[in-house]
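Trainee: Sequence first, predicted model second:
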Amino acid sequence: MMLMEPQMNYDSELARLKAKKQAQTREKIEKEGILDEDDYGRIVPQEGVWRIRPNHADGSFYGFDAWAENFCSLMDVHQVYVDPDDALAGRWCYFMSKMRPNKWNPDYPYDHLRERIECYDIIHGIGDDAHFAPDYEMGLRLGWGGLLDKIAYYRTINCTEEQQHFYDLHERAIRSIQGWIRRHIDEARRLAAAEHDERRRRNLLAMAETNENIVEQPPRTLREACQWIVWFHLASRTYNRDGAGGQIDALLRPFYEQDLAAGRITDAEAVYYLACLLINDPVYWQLGGPDAEGKDQTSAISFLILDAACKVDSSLNITIRVHDGLDPKLLRYGVECLVKYRNGWPRFSGDKALVAGFMRNGFDERLARRRIAVGCNWMSLPGLEYTMNDLVKVNLAKVFEVAYREMKKDAGRTTERLWRLFASHLKLAVHTAAEGIRHHLKYQKYNEPELLLNLLSHGPMEKGCDVSDGGAQYYNLSIDGAGLAVVADSFAVLEQRIEQENRLDWATMDRLLETDFQCADGLKFQTLLSRSQRYGQADSLGRKWALAVRDEFTAAVRNETSADGRYKFIPGFFSWANTVGFGLHVGATPNGRRAGTPISHGANPCAGFAVDDASLSLATAIAEIQPGYGNTAPMQWELDPSLAGAESVALIEGIIKAHFEMGGTLINANIMDRNTILAAHADPSKYPDLVVRITGFTAYFAMLSPEFRQLVVDRVLEN
Amino acid sequence: MKGTITTIQRMSVHDGAGIRSTLFLKGCNLRCRWCHNPETWSGRVQLQQSAGRCIGCGSCVKTCAASALALAPERIRIDRKVCTVCGACVEACPSGALSLVGEHIEPCEALRRVKRDMPFFRQTGGGVTVSGGEPLLQMEFLTEFLALCRREGIVTAVESNLSVEWRCVETLLPLVDQWMCDFKVFDDTLHRAMTGVGNGPIRENLEKLIGSGAKVVVRTPVVPGVNDNETEIGNICRMLQRFGNRLQGYELLRFHTLGFDKFAALGLENPMAGTPELTKKCFESLRDFARTILETTK
């Protein structure tokens, strides 16, 4: 391996890489328009290079053969990306799974579920992909050649024709990735030959050598390990947008320490490689936290990764796992980064409640500790489970609306009666979502098998079947509730204003909702209703109803677990970027919310809930509302910039630790100056590098739709 | 014994170490012209009106048995001579434009409310601060509340003007971990003119309090036209100098106008109306000067 000069500074390379990334983001906006999603690190593909190859009359492609054919044909022609400033080769371009006109194979219809899906506004997840974590440790240990050897070995054990074909296709996928890598090697050598700048020339040659070393063999150095991760990740992103990461410090530590021991790396080089890894794609990586035995995994490279993040300071999805044994310096460094850069990173996850919660599913503590924060809101056991995390959501506000409308027929209307109806519909909605998941599990292999994630899972190769089809060791299936606060506050309003205070009657409430508060006294009543006892306030009716909704939803989800316990269902509260879409489908609600406006975000109270301090009230309320089975109900924290000075680092750290002590699971924080966000909303193009943490993911503000930008602006201003 | 409070403010970060919950007790024996908490002057419950919240629905006017209210553009006109502070209008108001300031509360209830923030206290070395008004005017409530905090292991702090009998301060010594005491103006005549009382008893109590070994921080609000000069600040610093390291700290507090709206909300005349904020430059210059005498000045 060729080395860069020791003690060299890479700031100029990283500055150019950041500038290029900004230009790439601008190009994406110009050519592809807005995107209310993560940045993903993707770049605009060259035109006319590749198109999907349908195998169905509807113009889409389905099943193992078609996915393998499409993926491999894309890999064969996918553009190469070699930047002489970058330590690592490769970028991804194609949303292959999104390029299909239809994402579910119509030969496996779910018409029997459609009516209820629509009725309860369920995001059903049928045909959705990825959203569980690969085991990068296995990939780094085996390399592409080792994965081929593994396939060859299990090919001799699982001998049916179907299994042999299964192995053929996975082999073919690996070979196509290797071909893609080889083309990068050629490109790096070609560019090196033409490069006059000695520093760049040497980097290009080192890049070529790095890739030559890992095209078959497992990586042996930190740079090779980072490059291997990038290749798997880019391929998996291309295949189906998989963005899960892993315990990055533990994954890379052996390589870094071996390099150090051999005297072949400096910390400046390590930070450069790590910065290139981070700038490649905002993958969800976890730092710190316990290993299976409970020992903290923080090491020198954990700090170097944060050093690298400081250099990149862009869209980043790094999570620090906070537990009792965490190196306090890592937590402090993380909070300092959050305050200093104000770009929504890092996030923080709470080990105590996550481990205790996951154990309530019947798993032991060692396994629970290995379930890490590697997705938007979600946790996963790398390589061990299939989860459908963040894919299936029930719009609780819509369920409430269905129940409310049904009760209108009743003579004796009470909140108690409404609650019984709500609970009954909620069960049905959750059951529908679970039925959707079961339908998905039954037919997904005929729709979209996990050709890439199978490779880094423990089971699919061993058994010769897809991870969705029995290949995984565990099935811990996620169903999230969305709009919790709208429902809790609406019940609270009805109890407080109609039943306790007699301020209005049910008929008046009907009139207000039907007219969207645009009737006589509409403003007066809307104001009154919106000032009722809300979820998020201590000792409030809103709190009481939120806990009731939490318990009912949790029980409904848990009730879907299969009798043998193989298919466990785990509840969470999360709405991702669906607050806008869900809100469009719900009319005015008794809490004073106007028709069609966004529903409340995840487990967060409705904006303006705080009668005293918002941060403490928020941290207390969300810690209390956790469903408690190892999935998250994140705290989305819009932190007041006046509190977020360097002198407040210890206080912010204290709030984070207190939230986790009380039962919190995940904190996503924004520190956004009011004037900046307003100016960026007025003209996003002037703020190309402004990053906001939307939920679990970060996004360039300039890439968001006007509606979504408005939502972020409202959130910041209201807090 | 119930106390009368205006509010329990969570997340106080300027009233002692760490994250604190501050109880503001109602009633004060001083009338500092620059006060930013005029709602704590009176010990009684008062009606206040928040600017900009009234939606003009007239619900309050209809419900007022004393006919003390009338609709005016964007606000309610309150005849405070007639108002009985019965609270009916507050109940009727849909927008929260009208509210009562002042709540009678048992010590155990106050404790219950602050206890919910125990995890934040623990993680930041914070606790409870009792402020006002002058909290030592409600000795029975205060003593019982602080004793309850002590029993729960909550760190306590008290903000006092020390213009009280020494026996009150002495009673609380075993229950208070941190004292924050104002010494507002050195010149006794000026002190009397600006606050309504002389500073002699305050000096005596301060001396005794520091002498008792209590942890004490002295604070001076720097007010334009009152004590924003080197003579005043210098004299206070020299007075404090003799306590040496027995004094835990000295802080200058910059005058601000954030409390001005409260005067209007309560229908009170603001004695400092029109006074601009103290400039940062002037404040920092005085602080630098104070440091030349008392190094620990913050």
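Mentor: Nice, I can see it. Numbers count the residues shown, from 1 in each chain, chains lettered A, B, ... in the order given.

Trainee: Retrieve the pLDDT associated with residue 117.
Mentor: You didn't say which chain, so I picked chain A. Per-residue confidence (pLDDT) for residue A:117: 98.

Trainee: could you do chain B instead?
Mentor: So residue B:117 comes in at 96 (pLDDT).

Trainee: quick one: contacts for it?
Mentor: Residue B:117 makes contact with A:616, A:620, B:10, B:19, B:21 under the criterion CB atoms under 8 Å, 6 or more residues apart in numbering or on different chains. (Glycine included, C-beta is placed from N, CA and C.)

Trainee: Look up phi and psi at the third one.
Mentor: Put plainly, it is residue B:10. Dihedral angles of residue B:10 (phi, psi; degrees, to the nearest 10) stand at phi -80, psi 170.

Trainee: Skipping its backbone neighbours, what lies nearest it in space?
Mentor: Excluding the flanking residues, the one nearest residue B:10 by CB to CB, 6 or more residues apart in numbering or on different chains is residue A:613, at 4.1 Å.

Trainee: Compute the number of surrounding residues for residue 244.
Mentor: I went with chain A, as the question did not name one. 26 (other CB atoms under 10 Å in any protein chain shown).

Trainee: Chain B, not that one
Mentor: Using other CB under 10 Å, residue B:244 has 8 other residues around it.

Trainee: and the stretch 151-298 of chain B, which residues reach chain A?
Mentor: Within the stretch 151-298 of chain B, no position lies close to chain A (CB under 8 Å from any CB of the partner chain).

Trainee: who touches whatever residue of the stretch 151-298 of chain B ends up closest to chain A in this structure?
Mentor: Using CB to the nearest CB, residue B:298 is the residue of the stretch 151-298 of chain B that sits closest to chain A, at 11.7 Å. The contact partners of residue B:298, taken as CB under 8 Å, 6+ apart, are B:249-252, B:287.

Trainee: Redo the residues you listed as a markdown table? Include secondary structure, pLDDT and neighbour count.
Mentor: Shown next, in a markdown table, are the contacts of residue B:298 (DSSP: H, G, I helix; E, B strand; the rest coil; pLDDT from 0 to 100; neighbours: other CB atoms under 10 Å in any protein chain shown):
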| residue | secondary structure | pLDDT | neighbour count |
| --- | --- | --- | --- |
| B:249 | strand | 94 | 15 |
| B:250 | strand | 96 | 25 |
| B:251 | strand | 96 | 17 |
| B:252 | strand | 96 | 23 |
| B:287 | helix | 95 | 16 |
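
Trainee: Would you map the helices across the stretch 551-700 of chain A?
Mentor: A:579-584, A:614-624, A:649-662, A:674-682 (DSSP state H, counting those that start in this stretch).

Trainee: Export the ones you listed to TSV and append columns for mean pLDDT.
Mentor: Formatted as TSV, the helices of the stretch 551-700 of chain A follow (pLDDT from 0 to 100):
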stretch	mean pLDDT
helix A:579-584	95
helix A:614-624	95
helix A:649-662	97
helix A:674-682	88
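
Trainee: Could you dump these into a markdown table and include distance to chain B?
Mentor: Formatted as a markdown table, the helices of the stretch 551-700 of chain A follow (distance: least, CB to the nearest CB, whole Å):
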| stretch | distance to chain B |
| --- | --- |
| helix A:579-584 | 24 |
| helix A:614-624 | 5 |
| helix A:649-662 | 3 |
| helix A:674-682 | 17 |
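
Trainee: okay if I get those helices as JSON lines plus distance to residue A:388?
Mentor: Listed next are the helices of the stretch 551-700 of chain A as JSON lines, based on distance: least, CB to CB, whole Å:
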{"stretch": "helix A:579-584", "distance to residue A:388": "18"}
{"stretch": "helix A:614-624", "distance to residue A:388": "23"}
{"stretch": "helix A:649-662", "distance to residue A:388": "26"}
{"stretch": "helix A:674-682", "distance to residue A:388": "34"}
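
Trainee: Can you redo these as JSON lines, where the extra columns are distance to residue A:532 and mean neighbour count?
Mentor: Shown next, in JSON lines, are the helices of the stretch 551-700 of chain A (distance: least, CB to CB, whole Å; neighbours: other CB atoms under 10 Å in any protein chain shown):
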{"stretch": "helix A:579-584", "distance to residue A:532": "20", "mean neighbour count": "21"}
{"stretch": "helix A:614-624", "distance to residue A:532": "16", "mean neighbour count": "23"}
{"stretch": "helix A:649-662", "distance to residue A:532": "25", "mean neighbour count": "23"}
{"stretch": "helix A:674-682", "distance to residue A:532": "27", "mean neighbour count": "15"}
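
Trainee: Looking at the ones you listed, which is nearest to residue A:462?
Mentor: helix A:649-662 (36.4 Å; CB to CB).

Trainee: now the closest one: how far from the chain's centre is it?
Mentor: Averaging C-alpha positions (CA atoms, centre = their mean, to the nearest Å) puts helix A:649-662 23 Å from its chain's average.

Trainee: Next, the angle helix A:614-624 makes with it.
Mentor: 20 degrees (axes from the mean of the first three to the mean of the last three CA atoms, to 10 degrees).

Trainee: Which neighbouring elements make contact with helix A:649-662?
Mentor: The contact analysis (3 or more CB pairs under 8 Å, 6 or more residues apart in numbering or on different chains; DSSP states H and E) places helix A:649-662 against strand A:317-322, helix A:328-341, strand A:347-350, helix A:351-359, helix A:614-624, helix B:118-124.

Trainee: Identify the residues contacting the residue nearest the centre of chain A.
Mentor: With distances taken as CA atoms, centre = their mean, residue A:376 lies nearest the centre of chain A, 1.8 Å away. Going by CB under 8 Å, 6+ apart, residue A:376 touches A:38, A:284, A:390, A:574, A:576, A:695-697.
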